[in-house]
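S.K.: For reference, the sequence and a predicted model appear below.
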Number of protein chains: 4
Amino acid sequence: MMKLSRSLLSSRSQLSEKLLAGEANYVRDGLKSHVLISQAGMSTTGHDVSAKGGRIFAPYYVYKGKAAFSVDPVLPTFMKLDSGDLKVKRKGVILLTFAPAIGERKYDWAKKQHFALSPTEVGSLLTMGPRDSSEFFHDPAMLSSNAGQMRKSLSIKANADGFFISLNVANNILKTNERFVVPVTTAEFAVMKTACSFALPHLMGWDRLTNQLPRSSTDSSSSSKVDQQFLNLEWDK
Amino acid sequence: MMKLSRSLLSSRSQLSEKLLAGEANYVRDGLKSHVLISQAGMSTTGHDVSAKGGRIFAPYYVYKGKAAFSVDPVLPTFMKLDSGDLKVKRKGVILLTFAPAIGERKYDWAKKQHFALSPTEVGSLLTMGPRDSSEFFHDPAMLSSNAGQMRKSLSIKANADGFFISLNVANNILKTNERFVVPVTTAEFAVMKTACSFALPHLMGWDRLTNQLPRSSTDSSSSSKVDQQFLNLEWDK
Amino acid sequence: MMKLSRSLLSSRSQLSEKLLAGEANYVRDGLKSHVLISQAGMSTTGHDVSAKGGRIFAPYYVYKGKAAFSVDPVLPTFMKLDSGDLKVKRKGVILLTFAPAIGERKYDWAKKQHFALSPTEVGSLLTMGPRDSSEFFHDPAMLSSNAGQMRKSLSIKANADGFFISLNVANNILKTNERFVVPVTTAEFAVMKTACSFALPHLMGWDRLTNQLPRSSTDSSSSSKVDQQFLNLEWDK
Amino acid sequence: MMKLSRSLLSSRSQLSEKLLAGEANYVRDGLKSHVLISQAGMSTTGHDVSAKGGRIFAPYYVYKGKAAFSVDPVLPTFMKLDSGDLKVKRKGVILLTFAPAIGERKYDWAKKQHFALSPTEVGSLLTMGPRDSSEFFHDPAMLSSNAGQMRKSLSIKANADGFFISLNVANNILKTNERFVVPVTTAEFAVMKTACSFALPHLMGWDRLTNQLPRSSTDSSSSSKVDQQFLNLEWDK
């Protein structure tokens, strides 16, 4: 525990300068997207594939009096199979990043906190009407030895002019409890819904469908072989 | 009949190991997409074209207590005409694949069953409101000598928290009747609707519209010839 | 007048064999898209650009008892400006093609009639709810010497199970009045709406936005020149 | 002040011929998109990137009795970082351009006025129902020495058949106050909403997500290094 807390504190100090620079969290997402690959649990004969490099940084920012947050899509990672086909290794997410205000139009991004919405949580956001509310709970270290040491909850509550979006982060190691509350207008929420609806198929890897160009099928012999075996996509198991 | 049932049983045993490996059903979809071409009924002077190779495997999985299913778009197949243009040969589908649970978070994909939603059935799913229900009936061997030997029905029924999606498969040859029931949350159904809405134009082949780059028209003589003949897209038959 | 009617009749007989072949109407759309270019009214210094060749044929068919129709996007035509930029010359349309039934699952495409929905008419279709109805009137020869000789009206009327889509074509030259009525289910109409919603930006030429790759801006001198002149997109006229 | 007003007047006379040509405002948008780059306030080590050249001109026009307007997406500008990644430098906008009628189907584009909808204002438009109204206020010279000298307001008011879209421009320097009112049908508004909904992710730069092709990750050593540091996108700050 001490060891972990120490390593955490040190990692924080190491990152502090970086984090004061605007680019930092993108750099880290870059590393992260790299990690997603080397971490993938499933054993496979395939080669790792990442979207590292040539990335686009285009977060949607909502700046308000007490805090700000950005909405940023993180693409899935892919694995190249021996067949030459690609397989989604880790689903993409919509990364919400909150930062507290430290003056007029000034925000301390070194104190930022992330909340990563999964495709299904995005689906939940897309169904929200003007009077709906929803809440998501995450344990970033779930299934690891750190399980339960950090608890995050994102709450979206309807109000007269739109929604309150709040992030609460309780860290048992650092004994901290941070809260960010950002009022979001109906128009800003509409941008989030439209952009997330556009992004969702990309998070799932379905947009890659459009990259597939047709090829002439030359191996008619093998195709004749399979004719008897697969009469119909649904026919046999 | 016996022959067929035997071939079915044998094909099942042949496939069993494969099917225990995660890749199997994709491999078969690959073969299938190949078959779709060599099977196409219409006689044509054109060349077969398939999307074989370079495929992306990105199913959306819903895992629940008694069963799981995946949602996976299967692209249409195209035929190259002598003009160099492409024509849709077989529409794409949204392939639903169900598997029974055999323990906590364990599913037997060797016992999986497919149900392929046509573009119009996808349209039906897209119109479903929170209180709607619908049911689809398929005979995988329709119009073949095996017609009526296997009956599949997919039912989507609204409940308090979302929908029950159930697949029933009755096989007269194997004398089996299998049933899969998966409760789907409103959020999961929203992902399905958003993803299927995105995929629908691809299933129809309409996404290829964006692949067309303009060319300079040089043959002004021929164009002048058609001027009198076609004053307007609507003018004559 | 006689001359015109004769040419019309002859053009019909000339086309009749072609039209009995499935490809025919695409061939003609191909020619047509070519015509759109050579016809463009505005005088311009630019070069004509067409989407001729490499086309995709992917109509959505609705077959019913008394008639069938297909829904087919026709892309806009572009004009290359001397600047190297592209400009939309003729908006795209959603081409509806109706044919009468001449037996069970048999349709006489030689007797087909077209109705081309403009982007704004597509917008009207997209707003239609389950109980709405709308009607469109076209004169294919509008603004030409043949104005008023052919009148077309497309009617979309809600019914219990979906919509009746009817095309009426009155030809004063051939003294004919043809009517096609096709009942469309809610699911089929949902496919039409989803596909047309996807296609609309393409008909307008807005999908080309995604084709633009960024370039490094080298001409900093000229850019500094314009700095004073254009403080803001909205600043001066 | 005199100086500014003079420069404005002169710039107007200089532009007048250009502005009478249809292309003019596109040319200026081209320059503008160039300016957006050289103007960007933030100091950065990266290289400027613009979408200059190879542009597509595809405005959606609404022509009515007293005035006309066009709806035209203007893409964001990007900045190339030393990492080779791209960053959005200036968000895109939906550019509305109004012109007064000077006869039947004739409009004086030399008297045109722009109103650029930000992504969030587009979000506001997307949420508008058949009975809603909204109004936007812009000061094109906001935060500059000319602040307050020009005031623009765009009003969208529901009526029986659709909406009234009005632009009011008050110029304290030229002592002018111009007003454009264009009635828009429900169908035309549906086209605007569908096209703007399509364009919104492009204005934000999110469409670039689809341009990213995966690469094999070779640097497994560095990835192992970051494993401990970044257990999870949400884990540490």
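M.R.: Arrived safely, thanks for sending.
S.K.: and residue A:123, which of the three is it?
M.R.: helix (DSSP: H, G, I helix; E, B strand; the rest coil).
S.K.: how far away is it from chain B?
M.R.: 4 Å (CB to the nearest CB, to the nearest Å). Every C-beta, even on glycine, is put in place using the N, C-alpha and C of the backbone.
S.K.: you'd agree that residue is up against residue B:188?
M.R.: Yes - using CB atoms under 8 Å, residue A:123 is in contact with residue B:188, at 6.4 Å.
S.K.: Tell me which stretches of chain A form strands.
M.R.: Assigned by DSSP state E, chain A shows strands spanning A:47-50, A:56-57, A:60-63, A:67-74, A:77-80, A:86-90, A:93-100, A:113-117, A:133-138, A:150-159, A:162-171, A:176-185, A:215-216.
S.K.: can you tell which of those is closest to chain C?
M.R.: Chain C sits nearest to strand A:56-57 of all these, at 10.0 Å, using CB to the nearest CB.
S.K.: For residue A:117, list each beta-bridge partner.
M.R.: residue A:94 (DSSP bridges).
S.K.: burial count for it?
M.R.: For residue A:117, the neighbour count with other CB atoms under 10 Å in any protein chain shown is 22.
S.K.: Look at it and report its pLDDT.
M.R.: Residue A:117 carries a pLDDT value of 98.
S.K.: What residues does it make contact with?
M.R.: Applying CB atoms under 8 Å, 6 or more residues apart in numbering or on different chains to residue A:117 gives the contacts A:93, A:94, A:95, A:96, A:125, A:136, A:154, A:196.
S.K.: do the same with residue A:201
M.R.: Going by CB under 8 Å, 6+ apart, residue A:201 touches A:207, B:194, B:195, B:198, B:199.
S.K.: Leaving out the residues flanking it, which one is nearest to the second one?
M.R.: Pointing back at residue B:194 there. residue A:200 (5.2 Å; CB to CB, 6 or more residues apart in numbering or on different chains).
S.K.: Please look at that neighbour and residue B:196 and confirm they touch.
M.R.: No - in this structure residue A:200 lies outside contact range of residue B:196 using CB under 8 Å: 11.2 Å.
S.K.: Run a quick neighbour tally on the closest residue to residue A:73 other than its chain neighbours.
M.R.: Distances taken as CB to CB, 6+ apart place residue A:199 nearest to residue A:73, at 4.4 Å, with adjacent residues excluded. If you count neighbours by other CB under 10 Å, residue A:199 ends up with 26.
S.K.: Next: residue A:131.
M.R.: Using other CB under 10 Å, residue A:131 has 7 neighbouring residues.
S.K.: do residue A:185 as well
M.R.: Neighbours around residue A:185, by other CB under 10 Å: 17.
S.K.: With residue A:166 instead?
M.R.: Residue A:166 has 19 neighbouring residues, counting by other CB under 10 Å.
S.K.: Now do the contacts for it.
M.R.: Shown in contact with residue A:166 (CB under 8 Å, 6+ apart): A:154, A:155, A:157, A:179, A:180, A:181, A:182.
S.K.: follow-up on the earlier one: ok, and the most crowded of the contacts of residue A:201?
M.R.: residue B:199 (25 neighbours).
S.K.: so it sits right up against residue A:207, yeah?
M.R.: No - with contact defined as CB under 8 Å, residue B:199 and residue A:207 do not form a contacting pair (9.9 Å).
S.K.: Could you measure from residue A:197 over to chain D?
M.R.: 9 Å.
S.K.: List buried residues within the contacts of residue A:117.
M.R.: Among the contacts of residue A:117, those scoring as buried are A:93, A:94, A:95, A:96, A:125, A:136, A:154, A:196 (criterion: 16 or more other CB atoms under 10 Å in any protein chain shown).
S.K.: Pull the number of nearby residues for the residue nearest to residue A:72 when sequence neighbours are not counted.
M.R.: Using CB to CB, 6+ apart and skipping residues adjacent in sequence, the residue nearest residue A:72 is residue A:59, 4.1 Å away. Counted with other CB under 10 Å, the neighbours of residue A:59 add up to 19.
S.K.: Could you do residue A:63 as well?
M.R.: Applying other CB under 10 Å, we find 14 residues neighbouring residue A:63.
S.K.: again with residue A:86
M.R.: Counted by other CB under 10 Å, the residues lying close to residue A:86 total 22.
S.K.: what sits against residue A:133?
M.R.: A:155, A:156, A:157, A:158.
S.K.: Ignore what I typed, I meant residue A:60.
M.R.: Contacts of residue A:60 (CB under 8 Å, 6+ apart): A:70, A:71, A:72, A:191, A:192, A:195, D:119, D:204.
S.K.: Save those as CSV, and put in distance to residue D:130 too.
M.R.: Below are those laid out as CSV (distance: CB to CB, whole Å):
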residue, distance to residue D:130
A:70, 33
A:71, 29
A:72, 34
A:191, 21
A:192, 23
A:195, 24
D:119, 23
D:204, 27
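S.K.: which pair in those spans the largest distance?
M.R.: Using CB to CB, the two most remote members of these are A:72 and D:119, lying 14.3 Å apart.
S.K.: more neighbours, those two?
M.R.: Neighbours per residue, other CB under 10 Å: of residue A:72 and residue D:119, the larger number sits with residue D:119, 27 against 22.
S.K.: Hmm, residue A:61 and residue A:182 touching each other?
M.R.: No - with contact defined as CB under 8 Å, residue A:182 does not reach residue A:61; the gap is 10.5 Å.
S.K.: returning to what we had before: can you add distance to residue C:113 and pLDDT and give the contacts of residue A:201 back as JSON lines?
M.R.: Listed next are those as JSON lines, based on distance: CB to CB, whole Å; pLDDT from 0 to 100:
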{"residue": "A:207", "distance to residue C:113": "38", "pLDDT": "82"}
{"residue": "B:194", "distance to residue C:113": "36", "pLDDT": "97"}
{"residue": "B:195", "distance to residue C:113": "37", "pLDDT": "97"}
{"residue": "B:198", "distance to residue C:113": "33", "pLDDT": "96"}
{"residue": "B:199", "distance to residue C:113": "32", "pLDDT": "96"}
